[in-house]
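**Student:** from the sequence below, what's the structure:
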Amino acid sequence: MAFTMDTTLGALLDHPQAKPILDKHFPGITTNPLVGMVKGLSLNTILSTPQAAQFGLTREKVETVLTEVNKFVQ
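**Tutor:** Residues are numbered from 1 along each chain as shown. Here you go, the predicted model:
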């Protein structure tokens with residue numbers, strides 16, 4: 001099962017190979033206590049929030065992460 005933009009952040013955080021990749025592109029995301037508030041949201045939903053831009057979350061960066069993570073899943 002490949003991860004997509006419809007995958008929840010929580011599903012990515014639960015995947016052992018995804019955690020270091022997430023931290024590489026978004027330092028501190030796996031340990032930030034505020035992440036718990038958005039774990040149930042899809043990546044698309046997170047990107048649609050105004051806060052995403054404030055934290056440097058772009059569609060391109062998320063797609064890069066998904067590409068790297070999916071290399072381990074397939």
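**Student:** in the chain, which spans are helices?
**Tutor:** 9-14, 18-25, 43-47, 50-54, 59-73 (DSSP state H).
**Student:** mean pLDDT lowest where, among those?
**Tutor:** For the helices of the chain, mean pLDDT drops lowest on helix 50-54, to a mean of 87.
**Student:** quick one: buried residues of it?
**Tutor:** For helix 50-54, the neighbour count (16 or more other CB atoms under 10 Å) marks residue 52 as buried. The C-beta positions use only the backbone N, C-alpha and C, and glycine is treated the same way.
**Student:** so what's the residue count around residue 2?
**Tutor:** Residues near residue 2, counting by other CB atoms under 10 Å, number 11.
**Student:** tell me who's in contact with the nearest residue to residue 55 once chain neighbours are set aside.
**Tutor:** Here the nearest residue to residue 55 in space, its sequence neighbours aside, is residue 26; by CB to CB, 6 or more residues apart in numbering that works out to 7.8 Å. Residues near residue 26 by CB atoms under 8 Å, 6 or more residues apart in numbering: 55-57, 61, 65.
**Student:** spatially central residue in the protein, please.
**Tutor:** By CA atoms, centre = their mean, the chain has its centre lying nearest to residue 9, at 5.0 Å.
**Student:** assess the claim that it and residue 46 are in contact.
**Tutor:** Yes: the criterion here is CB atoms under 8 Å, and residue 9 meets it with residue 46 at 6.3 Å.
**Student:** can you pull the contacts of the closest residue to residue 9 other than its chain neighbours?
**Tutor:** Leaving aside its sequence neighbours, residue 9 sits nearest to residue 39 (CB to CB, 6+ apart; 5.3 Å). Applying CB under 8 Å, 6+ apart, we find residue 39 in contact with 8-10, 13.
**Student:** among the contacts of residue 26, which ones are buried?
**Tutor:** Using 16+ other CB under 10 Å, the buried ones in the contacts of residue 26 are 57, 65.
**Student:** distance to residue 2 added to the contacts of residue 26, as JSON lines?
**Tutor:** Output for these, formatted as JSON lines (distance: CB to CB, whole Å):
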{"residue": "55", "distance to residue 2": "25"}
{"residue": "56", "distance to residue 2": "24"}
{"residue": "57", "distance to residue 2": "20"}
{"residue": "61", "distance to residue 2": "18"}
{"residue": "65", "distance to residue 2": "13"}
